[in-house]
Structures are given as structure tokens and as C-alpha cells.
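> All I have is the shape, not the residue letters:
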């Protein structure tokens, strides 16, 4: 269903924003981290666990659900919320990210993208209209425009043409978007070029989307470049709409990009790291497969309030991970999502007090220590 | 910790028994099904989920925990209950079942069993004393004697010698069992020979164990033979001690063996079937991978009160299973364990009313239908 973003406070020192929205009678605050539920399930977790952690919006992948079980089956089930038993807000991506990673350059045309289904090799064709159609059937709350995910690095000429294509696709998608219960977001592309980001943002704003996303990051660029791209894009976006940075989840990137005006983030990192036995801690990531945790009967983080930290020791979780017991990945998924969710809460607290820069500096020192490239925070 | 079994009611028509015990201030009723938590975790599930289903005792595997993480680490953690965060009763097996499946016949001696660790090939030696020592360190509530798991079929001569060995091992184990907080069970062997079962049971009872188990079933014998073995063994066991049938979980076997005097059962079936996409229903097992469930938006069982049946459809669970999402196995594990747990509740209700035979006949008709070998229930 549709909801209205309320801008509650803006930092006087940077572009960080505090906001909120009401969904299904419940208030959600931004900035917010959104866990990824690729196949209409946040890997290893129940909807109740997601809610207990304090998550709000979750993301589901259009490409994966299109292929399996198919958007018509989800529609028959009554939409994603009913299908997966989640009564919080759901955002679907456009499918573009997966499709572009499967397509050859010659298969990317102005009409759409030809590619092969990764499950059975079938030839498929995804267009802006088709992406919107699938997402309308999935019944998410936030629908993403189909944009071109440009490889990094690309020439200025390619990115210039790609911005035009992305704008054309945004328009075509908007034309077929007839849903009254969903919101449609536009995606700002333009690589590392300020003028292209400006042009793309301004044109999208003219089309009047329900929110805006910053695309073309997390594709191999360095952090400085990512932060620049975000700053260039958010500069031209309206205050009263949500801004979403796609696929970004490194803790410092959450802080830095909030300072550049981002409200919502998604990333597979917390659940993917969990499946590999990694846990976030205030002092950086740790690998529980490491034998040093074999007899470590302390919590992952003594100050963490998550279910995993309340009841289980590193030694037990390490045992589960080494024995390939999925309860281990489940406990680490809970902890890692809670870590990012709690980080967002700290970020909101520090926006309130306008102390986010001091918080960032302290966080970097604790989390990254000497290893951090201190240059990158001042692009 | 130790608890006392209270026999509450005996059937006038067969050997079914209704009983109970108090553990940690909570009353548990028997007959009961115990889910298996091989590696100190019931696969895919949390302790809270286990308790919500209504389970009581859970089983953990001595062999697996001996190898990984090692009994000393579990002991350092404060024992299995603390290690895995389960405050209900825990039973450990002796390790014998796994060890005998790894050993060559010539490696089975009166002293113990030589075999190779299945994880790294290391040579290991398990004796009755070692098994008890490991289980004392694990800190389970019910410790099993180390017995010889005889292959099926074996000669009468082999089984006769094996009964003597099992009795000797039970005695040796009991001698080193110094724990004040745990209970030690003896295991009745003797194959399909009534006189050998009688001898084994009577000798064990003389040694005065805290409870008794029936071994040597579920090793490939037909159901008629299994039921005979159980009847022969329970006949000579005292009324005031728990009787445990190891590794049996087929629904009809639970009913038939309750009628032959069994109180507690364990089996990996409900969780293993779940991982393969199978679910118990009143009308038999179904395979959710079957494409007929693709658009089936009904519950697995409309009358089931489990978490999976409360919130999810067959179509969704099928989707999770085909997409290899562990939440699918988790939902099916919950349902399958709930199915057997609810079946035990029905069994207890029917012992109360002494209508278990009618219940059995109705259950067979619904669950197995025409496929059931009606001969086997009247051996």
C-alpha cells in the first residue's frame, strides 16, 4: 500500500535527514536498512524474527520471483505479503541488476534486454513494461523503475547514452504503472559525472515519481567515487520523497551515505556473511570458523540485544557453522541484520543531536581501526 | 537432572501405558515422541520452536558431539542444556549406532569397537566406559548404556553371544557411571528370540537401571518382527520405569509399539523428510516438490495447529523447497514434528479412554488406506 514520507529533521552540518512514515498503522523511521528476501524469504529467517529485530521494509527480487515461482502464482496467492506472511512494507527491485549481469552487451537494446534464464538457459526478454507488470503482480509496496545497470568503468559517452535510455525506460514504465496501491520509484543514473547525475535526477523529478533511487553504485567503484555519485544525485532530489541507495551495506557506507542524503539501503551482506560464518562486531567483522572461537563462551557482542547474543556463545555458533547446521546461519543472520538495524538507530539518534560526524569518526576508529583509508571520507 | 516416572494408567486391553514426570517444575506426559538434535540442535529449529510444538525430551548424538565440538567443550560450556539453550530434558544415545555402522565385524571386540572417524579418517576406539564418560561430560539427563547394535539378519548364535556382551557392557558402564544428576538406561537386545529378550531384560532389571530401552529394531526387519521384539522385551520390564524404543518414528509404529508398552520414541524421520520436501498428513506423506502443489494455496493440514499450518500455504512451502531456501525445511520440520507430537497426544487421549485399538484402525485407514498390510498388526 502507499505511504507518505515525512521529513522530520535535517542536519545543519551535512545532508543527513531524519524521517518517518506510517504503514499499516505502524510508524517506521528512516534512515533504515532493508534486509534482502530474494525468494520471498529473508534467508533462514521467519517474518517474526525480522520484525523482532526491528526491521521495516524488506526487499524481494523481481528477477528471481519472476522465474520461480512466477509472478502469477504470487498474484494468485494474494500478493507477496500474503504469500510470505509479512505485514510490513515490501520493496521489489526491477530485475535489472540480475538481468544485466546475465546479458551480453549486444543483447542490451533500447527496447529491453535479452538474456538467458540462469536456472534452465531459456531465452528471456525483459523490458521496462514487463518489469513493471511483474512487480504489479507481485504486489510489493514500492516498485522500482527498470534502469540500465552500467558496468564500471564505462566511457562518458556510454553513460550519457545510458542516462537517456534509463530516462526513456522510466517514462515507459510509468506509463504502464496503473496500480493504485503501490508506489513507483525512479532511478538516478549518470556514473561519476555531476552533470549527468543532475540531468537524470531533474528529468526524473519532472516525471514526479513517488520516490527516487540512486543507481550505478556498488559496481566496483572506490568509496570516494561512490560517495561523490550519491552527493551528485541527492542534490537534485526533492526533500519530501524517500531516497534509496541500492545494494550498499558496508557499515561505513551506511553512515557516509546518510550524510549525503540517503534514507533507505538494502544489501545481501548481513545474510550472506552469516552463511559463511562471519559476524559484525563493533570492532569489525569476525570469522567464527576461526579456531580461536572454539572455546570462546562469550557472546558475539556483549552489548547486542539480539536473540543470538541473548542466548548463545561464539563457541556454540562456531560449532553449528562447522557442522553445517543451518541454525548457525540463522543465528548469525539475526545478529548481522540486528547489527545494521541497530547501527541505523544510532545514526538516527546522532542526526537528532546533529552529531553524526563525530559518531562516524568514533565508529571508524572502533570498527576499522588502523586499516581505514581516512582519505576517502573527505572526497 | 533426575526425574521420576509416574505410571498413571494402564490399558485393560493391551500393554499401553499413560505416564508422566516432572522436570524443571514442568509436567511432561508419556507416551512421547522425542525429536533428534544430532549436533546439539534439532536441524533448522530453535529451542523455542521445539517447545512451542509441545515437545519434551530431545535427543542428542554422543558420537557426533564427541567428534565435534568434543565433550570437553560442551562440559566447559556448562553441559548440553546451557550449550544449546534448551531447558527441557535431554537424552543422549551411546554412540553405538553410528560406531557399529562404521566398524568392520573384526573390529568389534569384547573390549570395545575400533572404527574410523567419518570426518577425517582418524582411528578411534569406543568402549562402554568411554561412552558413559562422554555422556557424563555432555550432561544429558538420560544416559544410554553402550550396547552392541547387531546387524539384521544375524544367526541365533551371534545374537546369543551379543546379548552376553551387551550385558557385560551394561555392567561395565554402570560401574563407571558416577553422576548424581543423570539417569542411566539399560538396553534390551536379543533379536527376534523371546528367550534371549527375556534373559537380557531380566539381567538388566537385576542391575537396576533408571529406565530401559529396546534395541535391535529398525535395522531392516519387517514390522511384524519389530512388534514381536518389542513385546518380548517389554514383558519383562518393571512398571515403574520408562521404556524407550530407539530409532522408531513411522506413525503406525508409534501406535503399535505404545500398545506393546513403549513410553518414549526418537527418530530422525520428521526432520529428514522435511529437508527432502515431505510432509506428514492425516492421509499419508506428501512430497511438496510435486508440481501439483504449485498453485495449491491450502495449508498442509487444515486442522493442524502448528506455526507452518497457521501461516503458510503448500504453494509457498513448495516454492521455498524448490528454491533451496532453508526456511522451507524449517517450516516442514515444525509441521512434521508437530504431526508426531499431536499423534502422541491423540494416543494418550485414547489410552485414557482405552480406545487405542479403534484409534489405530481408523488411523491406518486414513493414513495408509488400501496400501496397508493389514496382516502385520496381528502378528
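Great, that's in hand. All figures in this text were calculated on a predicted structure; none of them were measured in a lab.
> tell me which parts of the stretch 151-300 of chain A are close to chain B?
When proximity is defined as C-beta under 8 Å from any C-beta of the partner chain, the stretch 151-300 of chain A approaches chain B at A:294, A:295, A:297. Glycine gets a C-beta too; all of them are placed from N, C-alpha and C.
> Which of those are buried? Put it as a ChimeraX command.
Here is the ChimeraX command that selects only those of those that count as buried (16 or more other C-beta atoms under 10 Å in any protein chain shown):
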select /A:295
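> Check which helices and strands the strand or helix carrying residue A:362 is in contact with.
Element membership for residue A:362, per DSSP states H and E: helix A:356-367. The criterion is 3 or more C-beta pairs under 8 Å, 6 or more residues apart in numbering or on different chains; DSSP states H and E, and the helices and strands that helix A:356-367 contacts are helix A:251-258, helix A:326-352.
> what angle do that helix and helix A:251-258 make?
Comparing the axes of helix A:356-367 and helix A:251-258 via axes from the mean of the first three to the mean of the last three C-alpha atoms, to 10 degrees yields an angle of 170 degrees.
> got any ranges where chain A has weak pLDDT?
Within chain A, the segments meeting pLDDT under 70 span A:374-379.
> Let me see the contact set for the residue of it most remote from its centre.
Computed with C-alpha atoms, centre = their mean, the maximum C-alpha offset from the centroid of chain A is found at residue A:295, amounting to 35.6 Å. When contacts are counted by C-beta atoms under 8 Å, 6 or more residues apart in numbering or on different chains, residue A:295 touches A:315, B:73, B:76.
> SS state for the first one?
Which is residue A:315. Local secondary structure at residue A:315 is given as helix here, using DSSP: H, G, I helix; E, B strand; the rest coil.
> could you measure it against residue B:12, distance?
Distance of residue A:315 to residue B:12, given as C-beta to C-beta, to the nearest Å: 52 Å.
> the more surrounded of those two?
When residue A:315 and residue B:12 are compared for neighbours, residue A:315 comes out ahead with 20 against 7, by other C-beta atoms under 10 Å in any protein chain shown.
> Am I right that the more buried one is in contact with residue B:77?
Yes. When contacts are counted by C-beta atoms under 8 Å, residue A:315 is listed as touching residue B:77 (6.2 Å).
> list the residues that contact both of these two?
With C-beta under 8 Å, 6+ apart as the test, residue A:315 and residue B:77 both reach A:297, B:83.
> Chain B versus the residue nearest the centre of chain A, what's the distance?
Ranked by distance to the mean C-alpha position of chain A (C-alpha atoms, centre = their mean), the top residue is residue A:266 at 1.5 Å. If you measure residue A:266 against chain B using C-beta to the nearest C-beta, to the nearest Å, the figure is 18 Å.
> A helix includes that residue, no?
No. The assignment for residue A:266 is strand, going by three-state DSSP, so no helix is present there.
> my guess is it meets residue A:91, correct?
Yes. With contact defined as C-beta under 8 Å, residue A:266 counts as touching residue A:91 (7.4 Å).
> Now for these two: what residues contact both?
Shared contacts of residue A:266 and residue A:91, defined by C-beta under 8 Å, 6+ apart, are found at A:34, A:59, A:244.
> tell me the domain boundaries of chain A?
Split into domains by automatic domain parsing, chain A comes to A:6-268, A:274-366.
> Reformat those into TSV and put distance to residue B:186 next to each item.
Listed next are those as TSV, based on distance: least, C-beta to C-beta, whole Å:
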stretch	distance to residue B:186
domain A:6-268	40
domain A:274-366	30
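> how many neighbours does the residue in the stretch 101-250 of chain A that chain B sits nearest to have?
Evaluated by C-beta to the nearest C-beta, the stretch 101-250 of chain A has residue A:119 as its residue closest to chain B, separated by 9.6 Å. A count of nearby residues for residue A:119, using other C-beta under 10 Å, gives 11.
> Quick check: closest non-adjacent residue to it.
In space, not counting the residues next to it along the chain, residue A:119 is nearest to residue A:67; the distance is 5.8 Å by C-beta to C-beta, 6 or more residues apart in numbering or on different chains.
> Would you confirm that that neighbour contacts residue A:115?
No. Contact criterion C-beta under 8 Å: residue A:67 and residue A:115 do not qualify, at 11.3 Å.
> quick one: the helices in the stretch 101-250 of chain A?
A:128-138, A:156-176, A:194-207, A:223-234 (DSSP state H, counting those that start in this stretch).
> and the last one, what other elements does it pack with?
Meaning helix A:223-234. For helix A:223-234, where contacts count as 3+ C-beta pairs under 8 Å, 6+ apart, the packed elements are helix A:194-207, strand A:211-214, helix A:251-258.
> which of the ones you listed is buried the deepest?
Mean neighbour counts were compared across the helices and strands packed on helix A:223-234 using mean count of other C-beta atoms under 10 Å in any protein chain shown; the top stretch is strand A:211-214, at a mean of 26.
> Sheet partners, orientation included, of it?
strand A:183-188 (parallel), strand A:242-245 (parallel) (DSSP bridges).
> got JSON lines for the ones you listed, with mean neighbour count and distance to residue A:164 too?
Converted to JSON lines, the strands paired with strand A:211-214 look like this (neighbours: other C-beta atoms under 10 Å in any protein chain shown; distance: least, C-beta to C-beta, whole Å):
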{"stretch": "strand A:183-188", "mean neighbour count": "26", "distance to residue A:164": "13"}
{"stretch": "strand A:242-245", "mean neighbour count": "28", "distance to residue A:164": "22"}
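> Dump the ones you listed to CSV, plus distance to residue A:327.
Putting the strands paired with strand A:211-214 into CSV (distance: least, C-beta to C-beta, whole Å) gives the following:
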stretch, distance to residue A:327
strand A:183-188, 36
strand A:242-245, 32
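> which one of those lies closest to residue A:50?
In terms of C-beta to C-beta, the element of the strands paired with strand A:211-214 nearest to residue A:50 is strand A:242-245, at 18.5 Å.
> Just give me how far that closest one sits from the chain centre.
Here the centre of mass of C-alpha atoms in strand A:242-245, compared against the chain's by C-alpha atoms, centre = their mean, to the nearest Å, lies 9 Å away.
> again with stretch A:348-361
For stretch A:348-361, the distance between its averaged C-alpha position and the chain's averaged C-alpha position is 22 Å (C-alpha atoms, centre = their mean).
> Can you give me the buried ones in that stretch?
A:348, A:350, A:351, A:356, A:357, A:359, A:360.
> among those residues, which two are most distant?
A:348 and A:357 (14.9 Å).
> Now do the same contact list for residue A:182.
For residue A:182, the contact set (C-beta under 8 Å, 6+ apart) comprises A:1, A:2, A:135, A:136, A:139, A:140, A:141, A:142, A:143.
> 6 Å instead, please
By C-beta atoms under 6 Å, 6 or more residues apart in numbering or on different chains, the residues touching residue A:182 are residue A:143.
> gap between it and residue A:31?
In this structure, residue A:182 and residue A:31 are 22 Å apart, going by C-beta to C-beta.
> What of residue A:204?
In terms of C-beta to C-beta, residue A:204 sits 21 Å off from residue A:31.
> Thanks again, I'm all set now.
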